[in-house]
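A.B. asks: Whatever this is, show me its structure:
(chains A and B)
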Amino acid sequence: MQSKMQRVSRLKRELQLLNKEPPPGVTCWQNESNMDDLRAQIIGGSGSPYEGGIFNLEIIVPERYPFEPPKIRFLTPIYHPNIDSAGRICLDILKLPPKGAWRPALNISTVLTSIQLLMSEPNPDDPLMADISSEFKYNRAVFFSNARKWTEKHAMPQAQGLNKESQETTHKRKSAEIPEEAKKFARET
Amino acid sequence: MLRQCPTLIPQDLQGRVYDGFLSVQDKDFRLRVILPEDLQLGNAKIECSWKLKKVLQAYDQIVKQRLQHSINLESFMMELKTILEVALKNTNALQTPPAPQYYSCLVKDIESLGWDKLSFVDTELSMIQIKIEDTSGRDHLVTLKLNAKYPFEAPDCCVDFPIPFTISWTPQSSLLNVYKQVSSALESLKGFWDALDEIDQKTWVLEPEKPLRSSTMRRIVIGNNVSITIDLDPKHPTMLPECYFLGAEHVVNPLREKLNSNIHLWDPENSLLQNLKDVLEIEFPSRSSVEKSDFSMDCGICYAYRLDSAIPDQVCDDPRCGQPFHQACLYEWLRGLPSSRQSFNIIYGECPYCNKPITLKMSNKKP
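C.D. replies: So this is what the prediction gives:
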């Protein structure tokens, strides 16, 4: 009974924080009206093959949270040594001790930040996907291009659609503005 | 020894004193090694010429450590050679200071620019910062690293601009030219900064927390857990920036559709903020005035102060941590861990915040 109260008070506070001060490149919200079913998005870090992609995640908050870690999986397919085809993530803080490193000092915000970090820095020594992991270890260029392909295919379709349209309009505008631009340029040189 | 440092000659029969030269990169450095009576290398004294001393200045600790760990003088000399090679690569200590004309010319240039424009000068007079205010009243700092051959070679110019910026320089140029070139660049970026300043003042920007003048990106709150990220082209600040939305599909999709269908409303005559409002048909909320709450008193596990009328009365004893917990919360966490141990009504475990040992005395109240 009491652990339920702890869970409610804590989740309320966490959702408030996630709304007001989300970690960089991360957003998280309540799915429907269930406090134990959350959704999150992580933006692929620049310099990583996931750059520009928006990755959706599902967060299930267990009955015994925060005494048990949240259950998190990727909904968007991602090509990564520590994330399997069902979106399950191999990360120590997502498991209870003694096997894992979850502690109530962590929260959804810090866990999402850790996942973001794992995306940029895979851990090939604790792989979930053996093939991808050995590719990451021994053939970095191939891994990068594969991960990039997946990102482009799965994590940025809408962005692409939007950009195409907006780029067209920008181009139109740009060409309309050229006379003024040219004048300015002439003045400068 | 002879092979490594053929020019380092023993000076006495016991082999306690060596004198000579160490050759690195075609340069010879004079040094003298004096070993103590017990011939322990760790207590040896190394006397260096002033040149060698200057090069090794920053490597003092490393040299001492190598001296402690080397098994004999020969291996130490090898280590010293390596350190010296690195030191020579990293330092220009051997370069002579700039000619007097450098200073006279620089001071003259600063005078013609006006000393009031300087915001910083380093002690060697090799780096200066100039403060320039643009026509919108924003202050900008220009950092100039001056070459010893100034004014015949261009200074390195560092500015906080969203576009690449290089100064054009001739031997006749002076700081005044730099000032003018930066000012005109500032003027060309005025529209870009005006647009982003309005965004920063009138909306709730989540990222970057403290935007630099060079940052073109802003993540702006639209509503609960919904935000838009824009990336503005500094050369075309009145154009539609690159945008993407973050948040739940059912909120984000309508916004995306608005953006696509209202794109014709985008008017380069209007400000960026006004355009975003018009196209998305929304008002941007201002930063929520709720002050950051102080968590220091709340329980580190349930994040609340009152839990079923109990207050957090268990505190981690480590002064650097001091995290409070409710008895019930801490008990619930510790009892499930294999690393915890219970003896009568005391539980010994680790603080979930700092991992230091923590003990929990269970009072007779309900657990």
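A.B. asks: Can you give me every residue that contacts the residue nearest the centre of chain A?
C.D. replies: Nearest to the geometric centre of chain A sits A:Ile42, at 2.2 Å (CA atoms, centre = their mean). Taking CB atoms under 8 Å, 6 or more residues apart in numbering or on different chains, we find A:Ile42 in contact with A:Gly25, A:Val26, A:Ile54, A:Phe55, A:Leu57, A:Leu112, A:Ile115, A:Gln116, A:Met119. C-beta here means a position set from N, CA and C on the backbone, and glycine is covered the same way.
A.B. asks: Phi, psi for the second one please.
C.D. replies: Meaning A:Val26. Per-residue torsions, A:Val26: phi -130, psi 140 (degrees, to the nearest 10).
A.B. asks: Cross the contacts of A:Ile42 against helices and list the overlap.
C.D. replies: A:Leu112, A:Ile115, A:Gln116, A:Met119 (DSSP state H).
A.B. asks: my guess is A:Ser9 contacts B:Tyr305, does it?
C.D. replies: No - the pair A:Ser9 / B:Tyr305 is not scored as a contact, 9.3 Å apart, by CB atoms under 8 Å.
A.B. asks: give me the element residue 105 is part of.
C.D. replies: If you meant another chain, say so; for now it's chain A. Using DSSP states H and E, A:Ala105 sits in no helix or strand.
A.B. asks: that answer is for a different chain, and I need it for chain B
C.D. replies: helix B:100-113.
A.B. asks: same deal with A:Cys28?
C.D. replies: Secondary structure from DSSP H and E places A:Cys28 in strand A:26-30.
A.B. asks: Stretch B:126-135: how far from the chain's middle?
C.D. replies: 21 Å (CA atoms, centre = their mean, to the nearest Å).
A.B. asks: List the buried residues for that stretch?
C.D. replies: B:Ser126, B:Met127, B:Ile128, B:Ile130, B:Ile132, B:Asp134 (16 or more other CB atoms under 10 Å in any protein chain shown).
A.B. asks: with those residues in mind, which one is nearest to chain A?
C.D. replies: Within these, the smallest distance to chain A is 17.0 Å, found for B:Asp134 (CB to the nearest CB).
A.B. asks: Hmm, B:Leu141 and the closest one touching each other?
C.D. replies: No - counting by CB under 8 Å, B:Asp134 does not reach B:Leu141; the two are 12.0 Å apart.
A.B. asks: What segments of the stretch 101-250 of chain B are helices?
C.D. replies: Assigned by DSSP state H, counting those that start in this stretch, the stretch 101-250 of chain B shows helices spanning B:175-188, B:190-202, B:249-261.
A.B. asks: what's the neighbour count on B:Ala58?
C.D. replies: Neighbourhood size, B:Ala58 [other CB atoms under 10 Å in any protein chain shown]: 12.
A.B. asks: cool, B:Gln101 as well?
C.D. replies: Neighbour tally, B:Gln101, other CB under 10 Å: 11.
A.B. asks: Ok, the one 3 residues further on next?
C.D. replies: Applying other CB under 10 Å, we find 10 residues neighbouring B:Ser104.
A.B. asks: Output the buried residues of stretch B:126-135 in TSV; the columns should cover pLDDT.
C.D. replies: Shown next, in TSV, are the buried residues of stretch B:126-135 (pLDDT from 0 to 100):
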residue	pLDDT
B:Ser126	88
B:Met127	91
B:Ile128	92
B:Ile130	93
B:Ile132	93
B:Asp134	92
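A.B. asks: so which of those also contact chain A?
C.D. replies: Among the buried residues of stretch B:126-135, no residue is within reach of chain A (CB under 8 Å from any CB of the partner chain).
A.B. asks: Of these, which belong to strands?
C.D. replies: If you go by DSSP state E, the buried residues of stretch B:126-135 have B:Met127, B:Ile128, B:Ile130, B:Ile132 in strands.
A.B. asks: between the residues you listed, which is closest to B:Glu332?
C.D. replies: B:Met127 (57.7 Å; CB to CB).
A.B. asks: buried set for whatever helix or strand A:Phe144 lives in?
C.D. replies: Assessed by DSSP H and E, A:Phe144 sits inside helix A:140-150. Burial within helix A:140-150, assessed by neighbour count using 16+ other CB under 10 Å, is assigned to A:Phe143, A:Asn146, A:Ala147, A:Arg148, A:Trp150.
A.B. asks: burial of the closest residue to the last one other than its chain neighbours, as a residue count?
C.D. replies: Closest residue in space to A:Trp150, ignoring its immediate chain neighbours: A:Tyr79 at 4.0 Å, by CB to CB, 6 or more residues apart in numbering or on different chains. Counted with other CB under 10 Å, residues neighbouring A:Tyr79 total 23.
A.B. asks: Go ahead and confirm A:Asp126 touches A:Lys95.
C.D. replies: No - A:Asp126 is beyond contact range of A:Lys95, at 11.4 Å (criterion: CB under 8 Å).
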